[in-house]
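> Give me coordinates for this.
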Amino acid sequence: MIEPNGTEVAKLADLAVVPQGQFPAVQWAILATPVGEKVVRWNELAQEIGHLRLRGRLETIPAAQLPQEALRLSRDLMDKQVVDTHGAKVVRVNDLQLSEVDGQLRLVGADVGLRGLLRRVGAEGLAERVVGFAGQKLPRGIIPWHLVEPLAAQDANVRVTVPRTKLALLHPADIADIVEEMTVDDRRAVFEQLDIETAAETLSEIEPEMQASIVSDLEQERAADILDEMAPDEAADLLQDLPEERREELVDLMEKDEAADVEELLAYPEDSAGGIMTTDLIALPAQLTAAAAIDKLRELQPDAELTYYLYVVDSQGRLDGVISLRDLVVAKPETPISAVMDRNVLKVDATSPKEEVAALIAKYNLLALPVVDARRKLLGTVTIDDVVDIMLPRGWRKRSLRSIAR
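Residues are numbered from 1 along each chain as shown. Here you go, the predicted structure:
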């Protein structure tokens, strides 16, 4: 780094950007001077062949202040882990790609391949010649910057407040794959910043052992909010893996209705129908007309999978029958749903072994099977997803399904 008169006064130690936009512009240079570090704006420098020249004397150039959200490229990114949001994985940055676009130096990519590592140690040319003898080319591993999500800075005194907007746009299963590769601190940071709904869906996709670890690391209020958003059976499965004291604390912090559903499920043995059922279902009073039942569905706005089977119950909540959404829609508006429901409902007692439940669902090719108590009161349903969990442990199931999806 030289002054206008040619005197060398500093060395370029780092560059800084605010990570906004597709390819963020370099806005600051961090200079290593004989008296310490000095931050100057990038427009105070001129790029010349072989060196950078200050536009004025170093001592007269005002020192700049980096905003809290700024990224120092070398310190915060080089050799650090980032998220490749396109490949849905955590990768290590070996080098960075900068390019001048419309007269402005911009960060355009992260090199996560072998080439970037070789370039840094000065061996890129040699490696290219070696692989060239075999008729091959050294592969490139550049990820465009708009597909990169930086993680938190490693320096505990520096908090890089990068909103994880790119990560949140991914499918929860992809976020889960990424989170499983992160360190404990990075996992916690992700679940602290994701919105509650996405956090709940992501947590449901994570390996069971890691689920318990993540929930244990989060603040209790945050963990309880996420559990509130999860399906009751999934929340109960997760809570079963926690120490009893932690489990009770979280249930106490959950919303009253959600906590009641979870406590009900926790009361059943894990290997019973009650232990694997979910309380998410649609139960319609038998006295409703078809029109009133449709109005009720509009009011509830249930998830699509809950409308496969619509259960009909009497005034005591006892299971009387089941009606399909198709039959409900085509019935005359004034017709009582009890007149068009199917009274021959296959059901299981809450104490039935889970293997028996799985066998019935498989035998009759069902999407769900209602669970009742000794008085025929409808308690919940066991879904086809729960049966897959029985046939394959949760961790194996998720790994298998993700492999198939790719």
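> Give the buried residues for stretch 170-185.
170, 172-179, 182 (16 or more other CB atoms under 10 Å). Any C-beta I mention is one placed from the backbone N, CA and C, and that applies to glycine too.
> Just the residues you listed: which are in helices?
172-179 (DSSP state H).
> all helices of the stretch 301-406 of the chain, in order?
325-330, 337-340, 354-364, 384-391, 394-405 (DSSP state H, counting those that start in this stretch).
> So for R75, what's the nearest residue that isn't a sequence neighbour?
D14 (6.0 Å; CB to CB, 6 or more residues apart in numbering).
> So the one you found is in contact with R72, correct?
Yes - D14 is in contact with R72 according to CB atoms under 8 Å; the separation is 4.8 Å.
> Compare these two (neighbour count), which wins?
Between D14 and R72, counting by other CB atoms under 10 Å, R72 is the more crowded of the two (21 against 18).
> Might one say that that one is in contact with P19?
No - here R72 does not reach P19: they are 11.2 Å apart, not a contact under CB under 8 Å.
> Can you tell me how far the closest residue to I294 other than its chain neighbours is from L346?
Closest residue to I294 apart from its sequence neighbours, by CB to CB, 6+ apart: L328 at 6.5 Å. Distance, L328 to L346, by CB to CB, to the nearest Å: 20 Å.
> ok, of the ones in helices among the buried residues of stretch 170-185, which one's closest to L52?
I178 (37.0 Å; CB to CB).
> how about E192, what does it touch?
E192 makes contacts with 218, 222, as judged by CB atoms under 8 Å, 6 or more residues apart in numbering.
> Tell me the confidence at it?
With respect to pLDDT, E192 scores 88.
> which SSE is it in?
Using DSSP states H and E, E192 maps to helix 184-193.
> Pull out the buried residues from that helix.
186-188, 190-191, 193.
> Which strands or helices does the helix or strand following it pack on?
Reading on from helix 184-193 to the C-terminus, the next helix or strand found by DSSP H and E is helix 196-205. Here helix 196-205 touches helix 172-179, helix 184-193, helix 208-217, helix 220-229, going by 3 or more CB pairs under 8 Å, 6 or more residues apart in numbering; DSSP states H and E.
> which residues are contacting stretch 244-263?
Outside stretch 244-263, the residues that touch it by CB under 8 Å, 6+ apart are 215-216, 220-221, 223-224, 227-228, 232, 235-236, 239-240, 242, 266, 279.
> returning to what we had before: any common contacting residues for D14 and R72?
The contact sets of D14 and R72 overlap at I30 (CB under 8 Å, 6+ apart).
> residue contacts, the nearest residue to A223 once chain neighbours are set aside?
The shortest distance from A223 to any non-neighbouring residue, by CB to CB, 6+ apart, is to V215 (4.8 Å). Applying CB under 8 Å, 6+ apart to V215 gives the contacts 203, 223, 226-227, 238, 242, 250.
> re the thing from before, pretty sure the residue nearest to R75 belongs to a helix, no?
No - under DSSP: H, G, I helix; E, B strand; the rest coil, D14 falls outside any helix and is assigned strand.
> Roughly how far does it sit from V39?
For D14, the distance to V39 - CB to CB - is 9 Å.
> any common contacting residues for those two?
29-30.
> buried stuff in the helix or strand hosting E264?
Using DSSP H and E, E264 sits within helix 256-266. Buried residues in helix 256-266, counted by 16+ other CB under 10 Å: 258-259, 261-262, 264-266.
> Sort out which one of the buried residues of stretch 170-185 lies nearest R376 for me.
P172 (36.7 Å).
> returning to what we had before: ok, then the element right after the helix holding E264?
helix 273-276.
> mind checking how far that next one is from the chain centre?
The chain centre lies 27 Å from the centre of helix 273-276; the measure is CA atoms, centre = their mean, to the nearest Å.
> try stretch 341-353
On CA atoms, centre = their mean, the centre of stretch 341-353 falls 36 Å from the chain's centre.
> for it, how far is the first residue from the last?
28 Å (CA to CA, to the nearest Å).
> how about that stretch: buried residues?
By neighbour count on 16+ other CB under 10 Å, the buried set for stretch 341-353 is 341, 345, 347-350, 352.
> With respect to Y309, which of those residues is nearest?
V345 (9.0 Å).
> which residue packs closest to the closest one, ignoring adjacent ones?
Using CB to CB, 6+ apart, the closest residue to V345 is V322 (5.0 Å).
> contacting residues around the one you found?
309-312, 341-342, 345, 370.
> What is the burial count for Q65?
Here the number of neighbours of Q65 (other CB under 10 Å) works out to 9.
> State the phi and psi torsions of it.
phi -120, psi 120 (degrees, to the nearest 10).
> And it, how far from V26?
Q65 sits 16 Å away from V26, taking CB to CB as the criterion.
> same thing with A362?
Relative to V26, and taking CB to CB, A362 is found at 60 Å.
> Out of these two, name the residue with the larger neighbour count.
Using other CB under 10 Å, the more surrounded residue of A362 and V26 is V26, with 18 against 12.
> Surely that one is in contact with L15?
Yes - contact criterion CB under 8 Å: V26 and L15 qualify, at 5.0 Å.
> Could you pull out the residues contacting both of these two?
Common neighbours of V26 and L15 (CB under 8 Å, 6+ apart) are 42, 98.
> how about low-confidence regions in the stretch 251-400 of the chain?
389-400 (pLDDT under 70).
> Can you list the residue ranges for helices in the stretch 51-200 of the chain?
Using DSSP H, counting those that start in this stretch, helices in the stretch 51-200 of the chain cover 114-120, 124-133, 165-168, 172-179, 184-193, 196-205.
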